[in-house]
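Engineer: Using only what follows, build the 3D model:
(one chain, ligands or ions: 1)
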Amino acid sequence: MLSEQDKQGNAMYRSLLIIGIVFLLGLTALPADSEEQDDGQARKLINSQGCKACHSLEGDGGTMADSFEKIRTRLSRTEVRLQLVNRDKKHGHTTIPDFSHLSEEEITALVNFIQPEP
Ligand code: HEC
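Structural biologist: Numbering: from 1, shown residues only. Okay, the predicted model is just below:
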């Protein structure tokens, strides 16, 4: 026979266990920290650098150039990077401005965002 105290102890142990499991499930549902940071930084840059004057993202922006969703289906990460850092217009394209004033970290955030696949 369990005493009243034992029963209470068991119930408390069980609820702590449940809280623990729910907490762990919550953690795995969150994206990795750095990914989230990258994503936020890229979105900020896309706004602050005026990319949306010409490109659209999620249906918002210009139509002069392809949407970021479309670019994602066509270009590799290297190709995306070459469009952004193209000071001498070596890569054929002439309309998109050169973004080599951005830091390496900022360019990487944009590349990761536009083309997350290797
Ligand atoms: C003045 C308009 C304009 C702005 C601003 C602009 N782009 Fe572009 N972008 C273009 C055009 C037009 C192309 C197609 C190639 C060309 O003609 O230069 C292009 C091409 C690209 C490509 C290669 C895909 C393709 O279609 O060849 C990427 C990636 C890209 N832009 C990303 C960006 C990002 C990121 C920004 C902001 C940091 C940006 N662009 C800002 C006009 C623009």
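Engineer: Could you identify the helix or strand that succeeds the lowest-mean-pLDDT helix or strand in the chain?
Structural biologist: Lowest mean confidence among the helices and strands of the chain (mean pLDDT, DSSP states H and E): helix 4-29, at a mean of 69. For helix 4-29, the following helix or strand on the C-terminal side (DSSP states H and E) is helix 33-48.
Engineer: which regions of the protein lie under the pLDDT threshold?
Structural biologist: Within the chain, the segments meeting pLDDT under 70 span 1-2, 18-35, 91-93.
Engineer: And it, what are its domain boundaries?
Structural biologist: Domain assignment of the chain by automatic domain parsing yields the ranges 1-30, 34-114.
Engineer: among these, which is the most enclosed?
Structural biologist: Of all these, domain 34-114 carries the top mean neighbour count, a mean of 14, counting by mean count of other C-beta atoms under 10 Å. Every C-beta, even on glycine, is put in place using the N, C-alpha and C of the backbone.
Engineer: Run the chain-centre distance for that domain.
Structural biologist: Relative to its chain's centre, domain 34-114 lies at 13 Å (C-alpha atoms, centre = their mean, to the nearest Å).
Engineer: That one and the ligand in contact?
Structural biologist: Yes - judged by C-beta under 6 Å from any ligand atom, domain 34-114 comes into contact with the ligand at 45-46, 49-51, 53-55, 64-66, 71, 75, 80, 83-84, 93-97, 99, 110, 114.
Engineer: What separation do you get for the most centrally placed residue in the chain and the ligand?
Structural biologist: Residue closest to the average C-alpha location in the chain (C-alpha atoms, centre = their mean): residue 39, at 2.7 Å. Distance check for residue 39 against the ligand: by C-beta to the nearest ligand atom, to the nearest Å, it reads 14 Å.
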